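Colleague: My questions concern the predicted model and sequence given below.
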Amino acid sequence: MEDKESKSKQEKEKIDNNSIFSKENVNMGHQTEIDYLKSLLIFLMGTTHVYSYFSVGIFGPILYSTSFILGAAGCMLLMGIAMKYSRKHDIKDYVSRGIVLLSMGQCVNIVRNGLPNLVAWWITGNKLYISRVLLFLQTDILHFAGISFLFLALLKKIGLSDKLIVIISIIINNGAFLLYKIMKSPDNYLLSQFIGFFVFTTNTETLFPFCSYFIFVAIGYWLGGIYQKISNKDKFYNLILIFGLPITVIYYYLRSCYDFPIISPYMTMESYSLMPGPDSIFSCMSNIIFLAFSYKINKILKGKAPEIIKHTAKNFTQYYIISFVYTMQMNTLLKVAIEEKYTDELKYPTFLGIMILIASRFTIDINNKYIHFSIATLKNPMKNFVLALIWIITIIILIYTYPKVEAYTTMWNDYYLEK
């Protein structure tokens, strides 16, 4: 009896001491504040995509600026944290998940960009659509996640520490920025897209170049290790809010008011795609600050997070995929039906974004209850067949489309052939 009491006392001392961190992993359970951040990110992405492709709207600037700071960076930071919390740490698991995520990203590209624009071209004969088919080669967050898993598998094989991984991410982030400044994009579209996939942003559809964005995964991976050792969350988050919040507010105030030397102007596609080092660090800090507020809210609610928060967090990837597919397919459909006229006339884009998220929820619930389809959970040989099919379709569409394209539409020309 005394042995049990002494053990219990030792465990309590290990967790309830006055220090913020423990020497051992004590914070290993479900982190509810992360659910709140996931829900915010889904709302931001769902509505911002609608604003991006339909209308600027009244709230566009607010959503854009918030998404610029939290959006993709938050997803990648959380991915790094989740990798540390995952029970599967074997190199072969990382490689397998990397291949699946790459293939899922390409599947999303085919469904949201490739096939709809190909059908639109067959219907209308408008060369704009055959050009937009090539957007199915763009770098998606899922592609980036897949490459990150593969790269981390390599770094784990070498045996690098979390700190060294962060240092490497900072080096390649700054290296990519330097290459962008001294080199120009190749004239060949496919080569330029390939470089933009991995190295630095080019004049193709390269929103998330690996070298520029891996810093978020690396910091998340390192932070996940620290997070597991937090024995006093109250003190940890209080320090984040006391010191991190004012410094971050000052940074973004200065960033928005003044041009920083060398760094790309704030809130431009260039700075979003390149994610210069200082912006990356403060994007991470902004997401951690939101986690701090979420922790406080969750504490007020006594851990009873609203059902919508739980549902969104549990089905995070599905929400991202389905909402983006719905948005892009609706975008293409309206372009075919009423051409480009609706672009500046669409009212209530926030409402449309929310409706798309609601439709995504219904789709997710139907799939979870009746269909149970997920590429990640397929068993072999069906999984290998589906993955191979995705890349075969990609090659077929590319071979069919590429010779017919006369000009390219990208984010750099607002997706028009002539600008």
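Modeller: Thanks, I have the structure now.

Colleague: In this structure, where is pLDDT below threshold?
Modeller: By pLDDT under 70, the low-scoring segments of the chain are 1-18, 56-57, 339-346, 417-419.

Colleague: residue ranges for the helices of the stretch 51-200 of the chain, please.
Modeller: Remark: helices assigned in the stretch 51-200 of the chain by DSSP state H, counting those that start in this stretch are 60-85, 91-109, 115-124, 127-132, 141-158, 162-182, 189-198.

Colleague: Make CSV from those helices and add mean neighbour count to it.
Modeller: All C-beta atoms are positioned from the backbone trio N, CA, C, and that covers glycine. Listed next are those as CSV, based on neighbours: other Cβ atoms under 10 Å:
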stretch, mean neighbour count
helix 60-85, 21
helix 91-109, 20
helix 115-124, 18
helix 127-132, 22
helix 141-158, 20
helix 162-182, 17
helix 189-198, 19
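
Colleague: of the ones you listed, which approaches Val336 most closely?
Modeller: Each of the helices of the stretch 51-200 of the chain has some distance to Val336 by Cβ to Cβ; the shortest is helix 115-124, at 4.9 Å.

Colleague: Mind listing residues that contact that closest one?
Modeller: Here helix 115-124 makes contact (Cβ atoms under 8 Å, 6 or more residues apart in numbering) with 126-127, 129-130, 132-133, 135, 328-329, 332-333, 335-336, 397, 401.

Colleague: 6 Å instead, please
Modeller: 129-130, 132-133, 329, 332, 336 (Cβ atoms under 6 Å, 6 or more residues apart in numbering).

Colleague: for that helix, the distance to its chain's centre please.
Modeller: 28 Å (Cα atoms, centre = their mean, to the nearest Å).

Colleague: Next, the angle from that helix to helix 91-109.
Modeller: 20 degrees (axes from the mean of the first three to the mean of the last three Cα atoms, to 10 degrees).

Colleague: Kindly reformat the contacts of helix 115-124 as a markdown table containing distance to Ile393.
Modeller: Shown next, in a markdown table, are the contacts of helix 115-124 (distance: Cβ to Cβ, whole Å):
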| residue | distance to Ile393 |
| --- | --- |
| Tyr129 | 18 |
| Ile130 | 17 |
| Arg132 | 17 |
| Val133 | 12 |
| Gln329 | 17 |
| Thr332 | 18 |
| Val336 | 22 |
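
Colleague: Taking the residues you listed together, which two end up most distant?
Modeller: Ile130 and Gln329 (17.1 Å).

Colleague: just to revisit the earlier point, closest one of the contacts of helix 115-124 to Leu178?
Modeller: Taking the contacts of helix 115-124 together and measuring to Leu178 by Cβ to Cβ, the closest member is Arg132, at 31.9 Å.

Colleague: Please report how far the closest one lies from Thr332.
Modeller: 8 Å (Cβ to Cβ, to the nearest Å).

Colleague: Can you say which of the helices of the stretch 51-200 of the chain is nearest to Lys369?
Modeller: Using Cβ to Cβ, the nearest of the helices of the stretch 51-200 of the chain to Lys369 is helix 91-109, at 21.3 Å.

Colleague: what sits up against that closest one?
Modeller: With Cβ under 6 Å, 6+ apart, helix 91-109 has contacts from 136, 140, 142-143, 145-146, 149-150, 152-153, 156-157, 321, 375-376, 387, 390, 394.

Colleague: how about a cut-off of 8 Å?
Modeller: Contacts of helix 91-109 (Cβ under 8 Å, 6+ apart): 88, 135-138, 140-150, 152-153, 156-157, 321, 324-325, 375-376, 383, 386-387, 390-391, 394.

Colleague: now it and helix 141-158, what's the angle there?
Modeller: 170 degrees.

Colleague: For the remainder of this discussion, apply numbering that starts at 36.
Modeller: All right, first residue 36 from here; so that's helix 126-144.

Colleague: quick one: helix 126-144 to chain centroid distance?
Modeller: Worked out by Cα atoms, centre = their mean, helix 126-144 lies 14 Å from the chain centre.

Colleague: for stretch 435-454, same thing?
Modeller: For stretch 435-454, the distance to the chain centre is 25 Å (Cα atoms, centre = their mean).

Colleague: hang on, the earlier thing: for the helices of the stretch 86-235 of the chain, give me a markdown table that also has distance to Leu280.
Modeller: Compiled in a markdown table, those are given as follows (distance: least, Cβ to Cβ, whole Å):
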| stretch | distance to Leu280 |
| --- | --- |
| helix 95-120 | 13 |
| helix 126-144 | 33 |
| helix 150-159 | 43 |
| helix 162-167 | 42 |
| helix 176-193 | 27 |
| helix 197-217 | 22 |
| helix 224-233 | 35 |
